[in-house]
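Enquirer: have a look at this prediction, sequence included:
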Amino acid sequence: MASEFKSLGSYLTDDSSRTGLDVFRHQDQTAPPPGWRDNKNQPTVWAYYSHRGQHYDKDLVEDANNIVEVLLIFAGLFAIVVTAFISHTFPMLRPDPNDILISIHQELRHPGTNSAPYEHYIPPTYVVRVNCFLFAGLFLCMLVAIFGLLVKQWTRSYERGFSNISSPHLRARIRHFRYKGAKKWRLAGIVGFLSLLMHLAIFVSAVGIIDLLVWTSPTVGYVACTVFIIGVAVYLATNLLPLFILNAPFHSPVSQFLAGAKQWVRYPIEAGSKYLRSRHQGEEGRLESNQEILEDHFGPSQGKESDENSIARSQIHLDLDIICHLLKTADNSTERWLLDLCFEKIPELTILGQQDASAFHSRQIIMEVYKFLAKGCIMVNKRGEDEVNPDRIPRARLLCNFMTWYLKLPRTIEQNERLKQTLYYGYDPTLLARLLAESDHAPSIITATTTLGHIDHLNDPRSSDGCPVCHRETVTVAIAWTEDDAGPRDQDKVQKVTSLLIKRTECILFADSIGNTSQSAARSECQPSLAALEKGFQRSNPTERDKRLWLNFIVDKEQVASESLKEIWFSPLRTTLNELQIKRAMSPFRPADNASSLTTLQPPRLNYPSPAAQGRGAGFPFHRQQTTSGSTPSGPPATSPSPSFLRPTFSPPPNHDSQ
């Protein structure tokens, strides 16, 4: 089933529970995303990755094609030169016809003489060696030409078909799938290998020319044939690899022909096995068979999708690989917005987090970039104190949300220790959250305090005896007020109450989600915190804003809590906050609230003067009025002439007639 929808204008996206791909819907129907051919209005991670990958692919293909074209031209010219040498050395492998004619002539001149019989001709050793080197160089040159053509076909196959994929998410997956194959099988390295092969051909031919005077055996043909057989073996191997490893970038017409032959042979076997399985499974088997052929959200409307697309859909790790690739290659100076997009997208990989959380812990680049961005959010003010850069508060909240999600992932003991070493290496992970918690923005306070709680639990995790972090917070709040302490609002005490409320709530929610505590244990663990919070709510003299922050947080977290936890923790807190009476602060603009005050500052009264009174300089005075409790002021408000520097100077109009 799909997860919660995310709004995108009039479109909605949801994540497939099987593939993790983003599905675009419009009017309750699957639809291509708006502007999917030119996705500038949706700067998603997937769209930007595809756009960024186009530049890399273009450079890769153009470089390969340019190098291969040069190699092909050079191989043709070099083959002509080597052939010219072979045309002179190859006849030396056979007996000289002039020597045979001389022997026949001597036999005819002296028929009675016993001349030595004609012996089998053995070519000189140097002739054989020279021909070996020359023929080896010629065959290497021919192989360079053959593989040069194959490289051009491989590069064309590497960039084929992207424009036909409407989903930016799936297009990014398939592109990264091919990219990993190109990196694994060294597509760019093969082009360089062809250059080395061409160099080797030149070297071998040069050695043959130098060794022109050496004799050899008649095995020269076998040597040349051996070189050719080796080349044919490599040629067949590269064309057979795509049949078994789909992301091998060696696609060519020959490999496609072999893939078709393989499919033709495999189809009757698969059809027969499905028929036998349906006979054994009965109606259930036929139902599953019918469900297998249903059209997928992302599948093409007609025909069967390729094996490459099927594998790309199932490999949810490709999403994390794409994001980590962007984190590594992004410019830290000019593309920090891209880093923000990556950290916004990582927590949305929920399926991968549920199936393989260790995949996130094994990517060190994530924590390295996180620390880099977190340090960039902090600045030193004029007082020499650290504070969050006002322009980067959204990024600070984003990083805190990411860290909260990241610390919720399951970890082993080794991974937990490694994470602590990484976070605390040259950096204080609590600094950004502590500074953000001091802001006046309620969502920032909740986000930062939640992150602080998870970092504290990372350093001092829960045990069978309870949570030491929440116990310390409870004790801090419990001893913050004396019995007769009911003074004015103290920001530090309000922060302590907020910290206990958020950290204890997150702690019991996490423990309840993993089933780490029983109902009775949760009740006994929550009672001291409930008592401390009730006391803190009443004695901290909070404002309406503080009460609204606490209440909104409780209502929001209550939606994901279990019924038992609602009864134990959330209902008592909500009841206490609803009954909490807020004491109004003394205001200079409300005389009724301050009966003991004899002098009150009245709000300014704006006296707009008439045109006739402008000459008298009527202004906008602030005035103080002496009143007593229950008395009303009498008489018109006092006015004072406005200063001369506030009145515009009068200047007569110029007399043009005098000019």
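Expert: It's in. Residues are numbered from 1 along each chain as shown.
Enquirer: over to residue 384: give its phi and psi.
Expert: phi 80, psi 20 (degrees, to the nearest 10).
Enquirer: what's the distance between it and residue 182?
Expert: 52 Å (C-beta to C-beta, to the nearest Å). In this view, the C-beta of every residue, glycine as well, is placed from N, C-alpha and C.
Enquirer: so which of the two has more stuff around it?
Expert: residue 182 (22 against 6; other C-beta atoms under 10 Å).
Enquirer: nearest spatial neighbour of the more buried one, chain-adjacent residues omitted?
Expert: residue 249 (4.7 Å; C-beta to C-beta, 6 or more residues apart in numbering).
Enquirer: can I take it that that neighbour is in a helix?
Expert: No. Counting by DSSP: H, G, I helix; E, B strand; the rest coil, residue 249 is not found in a helix; it is coil.
Enquirer: I'd guessed it sits against residue 158; true?
Expert: Yes. At 5.6 Å, residue 249 and residue 158 qualify as touching, with contact defined as C-beta atoms under 8 Å.
Enquirer: and for those two, which residues touch both?
Expert: 178, 182, 187 (C-beta atoms under 8 Å, 6 or more residues apart in numbering).
Enquirer: returning to what we had before: tell me how far the residue nearest to residue 182 lies from residue 193.
Expert: From residue 249 to residue 193 the distance is 14 Å (C-beta to C-beta).
Enquirer: which one of these two is surrounded by more residues?
Expert: Ranked by neighbour count (other C-beta under 10 Å), residue 249 and residue 193 place residue 249 first, with 25 against 14.
Enquirer: can you list the helices and strands that the longest helix seen in the chain packs against?
Expert: Using DSSP state H, we find that the single longest helix of the chain is helix 45-89. Counting contacts by 3 or more C-beta pairs under 8 Å, 6 or more residues apart in numbering; DSSP states H and E, helix 45-89 is packed against helix 125-158, helix 168-184, helix 187-210, helix 317-329, helix 336-345.
Enquirer: between it and helix 336-345, how many degrees?
Expert: 110 degrees (axes from the mean of the first three to the mean of the last three C-alpha atoms, to 10 degrees).
Enquirer: so for helix 45-89, what's the average pLDDT?
Expert: Helix 45-89 comes out with an average pLDDT of 89.
Enquirer: can you check what angle separates it from helix 187-210?
Expert: Using the same axes, to 10 degrees: helix 45-89 against helix 187-210 is 10 degrees.
Enquirer: quick one, helix 45-89 and helix 168-184 angle?
Expert: Going by the same axes, to 10 degrees, helix 45-89 makes 30 degrees with helix 168-184.
Enquirer: what angle do helix 45-89 and helix 317-329 make?
Expert: Going by the same axes, to 10 degrees, helix 45-89 makes 80 degrees with helix 317-329.
Enquirer: output the shared contacts of residue 249 and residue 158 as CSV; include the columns pLDDT.
Expert: Shown next, in CSV, are the shared contacts of residue 249 and residue 158 (pLDDT from 0 to 100):
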residue, pLDDT
178, 90
182, 89
187, 86
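Enquirer: ok, those vs residue 337, which is closest?
Expert: residue 178 (26.6 Å; C-beta to C-beta).
Enquirer: count of neighbours near the closest one?
Expert: With other C-beta under 10 Å as criterion, residue 178 counts 25.
Enquirer: how close does it get to residue 161?
Expert: For residue 178 relative to residue 161 (C-beta to C-beta), the value is 10 Å.
Enquirer: name the residues of stretch 536-549 that are buried.
Expert: 536-537, 539-542, 546-547, 549 (16 or more other C-beta atoms under 10 Å).
Enquirer: please apply the same query to stretch 246-262.
Expert: Per 16+ other C-beta under 10 Å, stretch 246-262 contains these buried residues: 246-252, 254-255, 258-259.
Enquirer: what do you get for stretch 149-156?
Expert: In stretch 149-156, counting by 16+ other C-beta under 10 Å, buried: 150-155.
Enquirer: of the buried residues of stretch 246-262, closest to residue 378?
Expert: Nearest to residue 378 among these, with distances taken as C-beta to C-beta, is residue 247, at 42.6 Å.
Enquirer: chain neighbours aside, what residue packs nearest to that closest one?
Expert: Nearest to residue 247 is residue 181, by C-beta to C-beta, 6+ apart, at 3.1 Å.
Enquirer: contacts for the helix or strand harbouring residue 396 next, please.
Expert: Assessed by DSSP states H and E, residue 396 sits inside helix 393-408. Outside helix 393-408, the residues that touch it by C-beta under 8 Å, 6+ apart are 336, 340, 343-344, 346-347, 360, 366, 370, 373-374, 377, 388, 429, 432-433, 435-436, 439, 441, 443-444, 447-448, 450-451, 454-455, 457-458, 510.
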